[in-house]
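**Q** Turn this into a model:
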Amino acid sequence: MNTTIKSVLVLMLMLTSQAFFAQKIITSNKQQQNINQKAEKDAKKASDEYHAKLNDEQAKLKKEQKKVEKHQKELKNSEKDLEKNKKKVAKLESDNQKMNSKLGSLSNEESQKQQLKIKKNELEIQKLKVKQINQQKALDKAQAQI
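**A** Reported below is the predicted structural model:
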């Protein structure tokens with residue numbers, strides 16, 4: 001009977017130890033799966049946050065690039081306007097010189113008409129020069145902002 005009890009105890013011990021180890025392995029597998037799932041969630045969350053930050057930075061860079069492009073266009077337009085204004089002033093001054101040289105050979109009435117045109121041109125030249133100064137200031141300000 002002693003041997004029977006011993007054998008039963010050994011058998012029970014073996015059965016319980018295997019069940020215990022099996023249960024422990026199953027538990028550790030579940031824990032490992034939980035850990036893996038949690039790690040995947042954390043990695044996905046970190047990846048999503050990184051992509052969101054990256055998208056925000058790209059949007060900021062695009063806005064900044066648009067501002068720079070707009071500023072460059074304004075700068076080019078200001079330069080073109082300034083050049084056009086300078087050409088107008090030069091043309092009006094040259095017209096005045098031509099009219100002044102013709103004044104002596106014209107009749108009194110024609111001479112007065114030409115002088116009136118010259119005065120109008122001089123007034124227009126002064127207006128254009130003021131405009132030119134303002135355009136130059138705006139251009140200098142735009143260049144300083146770069």
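
**Q** ok, longest helix in the protein?
**A** Determined from DSSP state H, the single longest helix within the chain is helix 2-102.

**Q** moving C-terminal of it, what's the next helix or strand?
**A** With elements assigned by DSSP states H and E, the helix or strand that comes after helix 2-102 is helix 108-145.

**Q** OK, contacts around the spatially most central residue of the chain?
**A** In the chain, the centroid-proximal residue (C-alpha atoms, centre = their mean) is E64; its distance is 2.0 Å. Counting by C-beta atoms under 8 Å, 6 or more residues apart in numbering, E64 makes contact with nothing. Bear in mind the C-beta positions are built from the backbone N, C-alpha and C, glycine included.

**Q** What's the per-residue pLDDT of N55 here?
**A** On pLDDT, N55 comes in at 94.

**Q** what do you get for V68?
**A** Predicted confidence (pLDDT) for V68: 85.

**Q** And for L106?
**A** Predicted confidence (pLDDT) for L106: 68.

**Q** same thing with Q58?
**A** Reported pLDDT for Q58: 94.

**Q** For it, give its distance to Q65.
**A** According to C-beta to C-beta, to the nearest Å, Q58 stands 10 Å off from Q65.

**Q** related to what we said a few turns ago, chain center to the longest helix of the chain: distance?
**A** Taking C-alpha atoms, centre = their mean, to the nearest Å, one finds the center of helix 2-102 at 17 Å from the center of the full chain.
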